[in-house]
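1. Sequence plus the predicted model coming up.
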Amino acid sequence: MSRSVSNAIILACVLFGCVYMAISGSPPAQDERSRYEGECVFCWVDGSEPDMPVWSPVSGGFIHQADDTREQVVISETFSVRRGEIRIFTDTIIWMRPSQRGDIEIYGTLILENCLLLWDQSEHQQTRLRIKNGGTLRVTDCYSFSSNQYWVNWEFESGSSIRFDRFVGDPWTSIWGSVEYESSNYSTVKMTLQNTTRGSSVLISNAHHLWFEIFPPLYRSVEISFTARRQWSDWIVADMWPDTLVQVEDSYIYERDISLSRGNHVTVRDTTDGFSMGWAIYKNSRGFVECELVGLGTPGSDSGTYYANKTWELPGIDSSLTLINSTLERTWPTTWGYVHLIVRDSDLADPRVWGGPAIYEIYDSTVDHAAAYSGGRMYLENCHIGYDIEVKDADSIVYGYNLRSRDSGKDFAVIEVEGGQYILLESAGPPWE
């Protein structure tokens, strides 16, 4: 999923859509559902309730109201909850201010009640809230937002237990392995179900905003017709992961994506209202594999491209995507390991090199956010950049030639962290040719 901008919440409204709902009080009556529907997920978060945050044009994110009298505390990446320990925050404004990259790890129980969590990071996904094996997270009557432009991620590892009740926020969450997950009373659900999911119970009722990214298990062939989006409905994702139930009741289905990994052969049928997809392309053993994808959507056309019958194949990782009577919108191929990936003429959300020695080339495409980490290398040519280019870690390099901003009114940002380099080239062609 989950996606970087110079203004993260504005991007959330552009990509995630916006819906009106009240976090306090009783759930709305059925005839009030239209108030929830629309194209701006968090526009209603405007300080109209006493504990509700407000948008700050100065920070580019949400902050607390000036007259909010709740206690304020600051924690960093060093905060943790040990096994057997219970930490409770009630009526508290919690600032997450990391001093360096590192995760908040919960082995015991973390309970949040009537809290406002504000993530004040200095880079995308700098500090994740990570619920470990045996850990428990309980969140009731809370908001959680980034206070600036940087993305926030929460990870629910195998053996964890998660419960949300009247929660509203922008963190992108992920399930790994066996997780007990429950969300109710008009909470926000933005979640990746990883290909390692197994033995999980995912029960969601009355979500005001539901966005799933689905990774089928490795070496699994799948045929799927997505349930219609932008409507309230039930949805059961059946027979996807071993011993796993994913059950959605009476929730607003905003988006539903699918992502491919090794050995996946996925066919999407009869999804004319559109979907988006990722593609995890990797090889962990020595010896580079060559992969190329062309025409994943149409550059600059975020509303999508209709395909009556179209297949993309990556024999190097035994993977393919087929669309039949379906519309493809945004895509985000990512790579790591011993892979040389080329993407051409596509509409990309956040293509990334997760780690070297992978090489990633992108030509003649639109790109919201491009990134290289852990020694990865990327080359961008004749591309329009929506928001930023991010380069982390020593030996990570992004090369650019003839790059322009998608927004003619402003430049895209460049984020260089811990030795990562962005190099603007004066002539076309990747430097490794």
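-> Received the coordinates, thanks.
2. W55 - that's part of a helix, no?
-> No. Counting by DSSP: H, G, I helix; E, B strand; the rest coil, W55 is not part of a helix but strand.
3. From N148, how far out is it?
-> Computed as CB to CB, to the nearest Å, the W55 to N148 distance reads 12 Å. Every C-beta, even on glycine, is put in place using the N, C-alpha and C of the backbone.
4. Show me the common contact partners of these two, please.
-> When contacts are counted by CB atoms under 8 Å, 6 or more residues apart in numbering, W55 and N148 have G61 as shared neighbours.
5. mind listing the helices in the chain by residue range?
-> 8-11 (DSSP state H).
6. Can you pull the poorly scored residue ranges out of it?
-> For the chain, the stretches flagged by pLDDT under 70 are 1-39, 433.
7. surely G295 meets L348?
-> No. In terms of CB atoms under 8 Å, G295 does not count as a neighbour of L348; the distance is 11.9 Å.
8. For the closest residue to S276 other than its chain neighbours, which residues are in contact?
-> Nearest residue to S276, sequence neighbours excluded (CB to CB, 6 or more residues apart in numbering): R330, at 4.1 Å. Residues near R330 by CB under 8 Å, 6+ apart: 15, 276, 297, 302, 347-349, 368.
9. measure R330 to S365 for me?
-> R330 is 11 Å from S365, where distance means CB to CB.
10. ok, now P351?
-> With CB to CB as the criterion, P351 and S365 are 9 Å apart.
11. where do the contact lists of those two overlap?
-> Jointly contacting P351 and S365 under the rule CB under 8 Å, 6+ apart are V343.
12. rewinding a little: neighbour count for G295 and L348, which is higher?
-> Neighbours per residue (other CB atoms under 10 Å) separate G295 from L348, with L348 holding more: 22 against 17.
13. What residues does that one make contact with?
-> Contact analysis of L348 by CB under 8 Å, 6+ apart lists 296, 330-333, 362, 365-368, 370.
14. Which of those residues has the largest number of neighbours?
-> Counting neighbours by other CB under 10 Å, A370 comes out on top of these with 29 neighbours.
15. Verify the stated contact: that one with Y387.
-> No. A370 is beyond contact range of Y387, at 9.4 Å (criterion: CB under 8 Å).
16. quick one, domains of the chain?
-> Listed domain ranges for the chain are 1-260, 273-433 (source: automatic domain parsing).
17. how far is the first one from where the chain is centred?
-> What that stands for is domain 1-260. Relative to the chain's own centre, domain 1-260 is displaced by 10 Å; criterion: CA atoms, centre = their mean, to the nearest Å.
18. Looking at the contacts of R330, which two lie furthest apart in space?
-> Using CB to CB, the two most remote members of those are L15 and G297, lying 14.2 Å apart.
19. Of these two, give the one with the bigger neighbour count.
-> Using other CB under 10 Å as the criterion, L15 and G297 rank with G297 on top: 26 against 20.
20. Report the contact partners of the residue nearest to D165 when sequence neighbours are not counted.
-> The shortest distance from D165 to any non-neighbouring residue, by CB to CB, 6+ apart, is to T140 (4.5 Å). When the contact criterion is CB under 8 Å, 6+ apart, the partners of T140 are 112-114, 164-167.
21. Which neighbours do R330 and S365 have in common?
-> In contact with both R330 and S365: 347-348, using CB under 8 Å, 6+ apart.
22. And stretch 368-383, what's buried?
-> Neighbour-count burial for stretch 368-383, counted by 16 or more other CB atoms under 10 Å, picks out 368-381, 383.
23. What of stretch 346-361?
-> Buried residues in stretch 346-361 (16+ other CB under 10 Å): 346-361.
24. Out of the residues you listed, list just those in strands.
-> In strands, judged by DSSP state E, the following of the buried residues of stretch 346-361 are found: 347-348, 352-355, 359-361.
25. Turn those residues into TSV, including distance to S184.
-> Output for these, formatted as TSV (distance: CB to CB, whole Å):
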residue	distance to S184
D347	35
L348	35
R352	33
V353	38
W354	34
G355	38
I359	45
Y360	41
E361	45
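26. Looking at the residues you listed, spot the one nearest F62.
-> Nearest to F62, judged by CB to CB, of those is R352 at 25.6 Å.
27. ok so, going back, possible to save the domains of the chain as TSV with distance to T267?
-> What follows is the domains of the chain, written out as TSV (distance: least, CB to CB, whole Å):
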stretch	distance to T267
domain 1-260	4
domain 273-433	4
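28. Chain neighbours aside, what residue packs nearest to G300?
-> Of all residues not flanking G300 in the chain, T366 sits nearest, at 4.9 Å (CB to CB, 6+ apart).
29. Now do the one you found against L323, distance only.
-> Computed as CB to CB, the T366 to L323 distance reads 20 Å.
30. same deal with S221?
-> 15 Å.
31. Looking at those two now, which is surrounded by more residues?
-> L323 (22 against 11).
32. ok, what's across the strand from I423?
-> Y399 (DSSP bridges).
33. you'd agree the residue nearest to G300 is up against T331?
-> No. Using CB under 8 Å, T366 makes no contact with T331, being 10.7 Å away.
34. Return every residue with contacts to both of these two.
-> Joint contacts of T366 and T331 (CB under 8 Å, 6+ apart) are 346-348.
35. quick check, nearest of those to R101?
-> Among the shared contacts of T366 and T331, and counting by CB to CB, the member closest to R101 is L348, at 24.9 Å.
36. Once you drop chain neighbours, what's closest to that closest one?
-> V367 (4.7 Å).
37. about what we covered before: which two among the buried residues of stretch 346-361 are spaced furthest apart?
-> Spanning the widest gap among those are D347 and P357, at 27.3 Å by CB to CB.
38. Please identify the buried residues of stretch 185-201?
-> Residues 185-198, 200 are the ones in stretch 185-201 that count as buried (16+ other CB under 10 Å).
39. now swap in stretch 53-63 and tell me
-> Residues 53, 55, 60-63 are the ones in stretch 53-63 that count as buried (16+ other CB under 10 Å).
40. Next: stretch 228-248.
-> For stretch 228-248, the neighbour count (16+ other CB under 10 Å) marks 229, 232, 235, 237, 240-241, 244, 246, 248 as buried.
41. Likewise for stretch 289-307?
-> Residues of stretch 289-307 classed as buried: 289, 291, 293, 295-299, 302, 304-305, 307 (neighbour count, 16+ other CB under 10 Å).
42. check contacts around the nearest residue to S205 once chain neighbours are set aside.
-> Closest residue to S205 apart from its sequence neighbours, by CB to CB, 6+ apart: E249 at 4.4 Å. When the contact criterion is CB under 8 Å, 6+ apart, the partners of E249 are 203-206, 234.
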